[in-house]
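J.: coords below, sequence missing:
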């Protein structure tokens, strides 16, 4: 295969599946971090006596700031770090899709990774807002229902911007100058 041939655009279902799997993996790490912060600072939220809702029981500004910083670092290193190193997150690698620099209409398979700047820019558009809003909700400063609406709307904007673009470039891809391409299966 010519390494400079146009790469096929990745199917939306593969991209979405990879993002869900990666988010699950990172979510497990967040659970560990949250447990550690609960051990150090005490619980931030508890269930109501009837078990039907979560309520914020203590707001420690230092904890909120530290937990937000750690969460952003973990998420950024996982996603942007993977894109910058391999051009794909772990789930994207398994599902054979890769993020690469868009070069006009033709994309090439000649480079395995993104520039650090492009990787972090893509990640920032994709995740910083939802993570920050989640932190505000966890601290009690933002109603959980509003969090769901705001984050749901943001991800809907990203999805629609991806669907309507001929190269399936979402807002985060356009800002970073990237495109997600399918990686052909290796022949034995």
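T.: Arrived safely, thanks for sending. The structure presented is a predicted model; accordingly, all values stated were derived computationally and were not measured.
J.: strands of the protein, residue ranges please.
T.: Per DSSP state E, the chain carries strands over the ranges 45-47, 54-56, 97-101, 178-182.
J.: and the contacts of the second one?
T.: The reference is to strand 54-56. 44, 45, 46, 47, 48, 138, 139, 140, 144 (C-beta atoms under 8 Å, 6 or more residues apart in numbering). Backbone N, C-alpha and C define where each C-beta goes, glycine included.
J.: repeat for the third one
T.: Applying C-beta under 8 Å, 6+ apart, the external contacts of strand 97-101 come out as 7, 10, 14-15, 18, 83, 86-88, 92, 107-109, 111-112, 114-115, 118-119, 122, 173, 177-183.
J.: just the buried members of these?
T.: Among the contacts of strand 97-101, those that count as buried by neighbour count (16 or more other C-beta atoms under 10 Å) are 7, 10, 14-15, 18, 83, 86-88, 92, 107, 109, 114, 118-119, 122, 173, 177-183.
J.: adding mean pLDDT, write the strands of the chain out as CSV.
T.: CSV is the format used below for the strands of the chain (pLDDT from 0 to 100):
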stretch, mean pLDDT
strand 45-47, 79
strand 54-56, 74
strand 97-101, 93
strand 178-182, 94
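J.: distance to residue 165 added to these, as a markdown table?
T.: Converted to a markdown table, the strands of the chain look like this (distance: least, C-beta to C-beta, whole Å):
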| stretch | distance to residue 165 |
| --- | --- |
| strand 45-47 | 39 |
| strand 54-56 | 38 |
| strand 97-101 | 15 |
| strand 178-182 | 9 |
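J.: output the lowest mean pLDDT helix or strand found in the protein.
T.: Across the helices and strands of the chain, the lowest-confidence element by mean pLDDT, DSSP states H and E is strand 54-56, at a mean of 74.
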